[in-house]
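Trainee: this one's structure only:
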C-alpha cells in the first residue's frame, strides 16, 4: 500500500483548504467506484438481455433507455413508488400508455431484480463494514451477531407454524434479526460490552437458533414450504420485483446516510476502546447506535432477499484492501463494491445453471456468493500474515 | 484503615512542595489546572480486592508529577482512575473542582488527556490522520476540521518532533516512532491535564530521551499539569517536580525527587539495596542487590 502514503500526504497538505467532500476524490476510491459501476452495468445488461425471452444487447439497451418510460414520470413513479401513490401524486386516472413488449419485460421483470441485487449488496457491504469496526474484528459480518439466525428462525416459524402471516415475512424476518441482535447484546453486556464478548455471544445465540431452525424443518409437512424456507435461508433474488425495491430502498437510504455520518466515529473505534474513551467518545452509546444502523441495513436486505452469506464479510475486506482503512472511504467503497459483487453473483445464480447444464433453472444467489466468497476468503487468509484483529 | 495509613505517610513526608497537596479548587492562580483524586478506591470487576483502597493524590498544577513503584504497585491503575477509565468504587476525581464522572465525556476529554500504555491502530492510517483524531473532542458530530484544529495539530506534531513522519503509515513505524506519533495525538487534544502511562517503556534510549524532552518542554513552557507513570526511577527524578511512590496500592511517600529517591525508600518500596549519589542531573541510583528478607 505504498500509494497510501502519498495519498495521505496530499490530503494532509490539502486538508486545510479542501472542503467537506475533498476526501471523496481519492484516486483509488474513484477507480474502485468506476470499476464497480462498470461491473454493475455489465452484469445488469447481461441480466436484462438473457432469459426465457432473449434479446440482443442492443435491444436490451434500447429497452432500458426506452424514452416511453424514462421520459414519462407516470411510468417511473409507477415503478418506484407503486401505482396507487403514483396516481395520488400525479392525479392521473387513466390507463398508462402501452409499452413495447421488450420494454415491458425489461422494466417489469428483469431490471427490478438488478436493482434489488444492488440494494442488497450495498446494505450487506456497509452492514459488514460497520460490524467489523464495532467488534474490531475483521471476521465479523452482519450475521455473526445473531442477525441471520434470528431472521432465519422467524422465517421458518412463519412458514411452518404461522402460515397465515407469510404476507409479512420480510418484516418478520427483519424483526427476528433485530431481536436476536438485542439478545446477543444483552448477553454480552456486563458493565459494558467488549468486542470479544459480542462475537462469542453472537456465535452462541446463533448456534441455539440454528438448532431450533433445523428442528422446525421436521414439522414442515409440505415440500413446497421446505423449498421456500431454504430459498429464504440461503438468500435468493428469484421473483423479486419493484415491490422489493420499494420495500428496501427507503431503509437503505436511511442506513447509508447514517453510516456515512457515523464513519468518523467508526474511525475512532478502530483506535481501540481506551483511546476512543479517553478522546471523549461515549463508547457504549456509539457502539449500540452504530450496531443499530448495521442491523437496519442487514434487515433491509434480509427482508427482500433472505440471508445472503459472505457478501457482508468479504466486501469490506476487498474495499479495505483497495482503499485503505479510513472508514469514510471504506463505507463509500462498500456502497459501490457491494452492488458489483451482488449483481455479478446474481448473473451466475440466474443464468449459471442454464449455461452449465442447459437446464432452465435458477439457484439461490446465496449459493453463488458462498462459492465465490468462501474461496476468496481462504485466499485472503493465506495471503495475509495476521487475520482477526482490525 | 489504609486511608489512615496514607494520611500518616503524608505527615511523615519530608518538606518539599506539599503546599499543593489537598489544595483543591481553582485557587492556585494561573491558568494551570488542578487534578485531585480523593479517597480513591479503584479495582477491576473480576478482582475481589480493590487495587487501590482509599488513596488521595493531588497533582501539582502546571508541574510534572511522577508515579513510581514496583510492578503491580497500582500506579497504572491509579492513573486510569484519575483519567476516568476505571470508575472508582469510592472517592472521586476532581478536575478544577469538577467531578470527572459527572462531566460530559467530550468536555472531560478537552480538559484531560490520557496516553495509554499500549495503543493500537489500523496499520494503514497515516501519522497525520492519527494526530487529527486527537481533535475529536473539539469537534461536533458533523463539524469539519477548522483552522484551530489544523493549528493544534501542527503544534502537536512540532512539539512531538514527528514532522518527518507525518505522511508515513503508522504500521510502518518503529516502536519509538509510533510512541512519538501517539504523543502527538494526545498533545493535539490540547488538554490542561495530561496523563501518561509509562511513555518511555520499551523504547530505545534515543526515543526515551525524545519523550523526556517533550515532557520537559511541557513542564517548562506550558501550564499543562502532567502526571506520568515511569518505570525508571532516575528518569522520574530528573523529570518530575514531585514524585509519588506506590507500593501494594498504597502511596508510601510523596514529595520532591531528592526527598523521595533515598536509599531507605528504595529498600522499602523497591526492595533493593542501592547507592544514591546526588549529582547535578538529579540523584543517580546504582542498584546493588535485591533484598530477599521478608520485611512485612
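Mentor: In hand now; what should we look at? Bear in mind the structure is a predicted one, so any value in this text is a computation, not a measurement.
Trainee: Ignoring the adjacent residues along the chain, who's closest to the closest residue to chain B within the stretch 151-300 of chain A?
Mentor: With C-beta to the nearest C-beta, the shortest gap between the stretch 151-300 of chain A and chain B falls at residue A:280, namely 2.8 Å. No exception for glycine: its C-beta is placed from N, CA and C like everyone else's. Spatial nearest neighbour of residue A:280, excluding adjacent residues (C-beta to C-beta, 6 or more residues apart in numbering or on different chains): residue B:109 at 2.8 Å.
Trainee: Show me what the one helix or strand residue B:212 maps to is packed against.
Mentor: Secondary structure assignment for residue B:212, by DSSP states H and E: helix B:205-221. Applying 3 or more C-beta pairs under 8 Å, 6 or more residues apart in numbering or on different chains; DSSP states H and E, one finds that helix B:205-221 makes contact with strand B:64-68, helix B:147-160, helix B:175-188, strand B:225-229, helix B:233-239.
Trainee: can you tell if the fourth one touches chain A?
Mentor: No. Strand B:225-229 stays out of contact with chain A when judged by C-beta under 8 Å from any C-beta of the partner chain, the minimum separation being 13.5 Å.
Trainee: Within the sheet, what are the partner strands of that strand, with directions?
Mentor: Note on strand B:225-229: by DSSP bridges, its sheet partners are strand B:64-68 (parallel), strand B:193-197 (parallel).
Trainee: Which residues does the following helix or strand past the first one contact?
Mentor: Translated: strand B:64-68. Remark: after strand B:64-68, the chain's next helix or strand is helix B:75-82, criterion DSSP H and E. Helix B:75-82 is contacted by residues B:35, B:37, B:40, B:42-44, B:51-52, B:55, B:57, B:59, B:67-69, B:86, B:88, B:93, B:114, B:117, B:195, B:197-198, B:227, B:229, B:246, B:249 when judged by C-beta atoms under 8 Å, 6 or more residues apart in numbering or on different chains.
Trainee: Buried ones only from these, please, as a PyMOL command.
Mentor: Filtering those down to the buried ones (16 or more other C-beta atoms under 10 Å in any protein chain shown) takes a single PyMOL command:
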select buried, chain B and resi 35+37+40+42+43+51+52+55+57+59+67+68+69+86+88+93+114+195+197+198+227+229+246+249
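Trainee: sorry, back to before: tabulate the helices and strands packed on helix B:205-221 (CSV), appending mean pLDDT.
Mentor: Shown next, in CSV, are these (pLDDT from 0 to 100):
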stretch, mean pLDDT
strand B:64-68, 95
helix B:147-160, 93
helix B:175-188, 94
strand B:225-229, 95
helix B:233-239, 91
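Trainee: between those, which gets nearest to residue A:298?
Mentor: Of all the helices and strands packed on helix B:205-221, helix B:175-188 sits nearest to residue A:298, with 33.1 Å by C-beta to C-beta.
Trainee: tell me which residues of that closest one are tucked away?
Mentor: B:176-188.
Trainee: okay, the angle between that helix and strand B:193-197?
Mentor: Here the directions of helix B:175-188 and strand B:193-197 differ by 160 degrees (axes from the mean of the first three to the mean of the last three C-alpha atoms, to 10 degrees).
Trainee: to the chain's geometric centre, what's the distance from helix B:175-188?
Mentor: 15 Å (C-alpha atoms, centre = their mean, to the nearest Å).
Trainee: got the contact list for that helix?
Mentor: By C-beta under 8 Å, 6+ apart, the residues outside helix B:175-188 that reach it are A:278, B:113-115, B:119, B:127, B:130-135, B:152-153, B:155-157, B:159-162, B:165, B:168, B:170, B:173, B:194, B:196, B:199, B:202-204, B:206-207, B:210-211, B:214.
Trainee: which of those residues are buried?
Mentor: Buried by 16+ other C-beta under 10 Å: A:278, B:113-115, B:119, B:127, B:130-135, B:152-153, B:156-157, B:159-162, B:165, B:168, B:170, B:173, B:194, B:196, B:199, B:203, B:207, B:210-211, B:214, out of the contacts of helix B:175-188.
Trainee: Who are the contact partners of the residue of chain B found nearest chain A?
Mentor: Closest to chain A within chain B is residue B:109: 2.8 Å, counting by C-beta to the nearest C-beta. Taking C-beta under 8 Å, 6+ apart, we find residue B:109 in contact with A:278-280, B:136-137, B:189, B:191.
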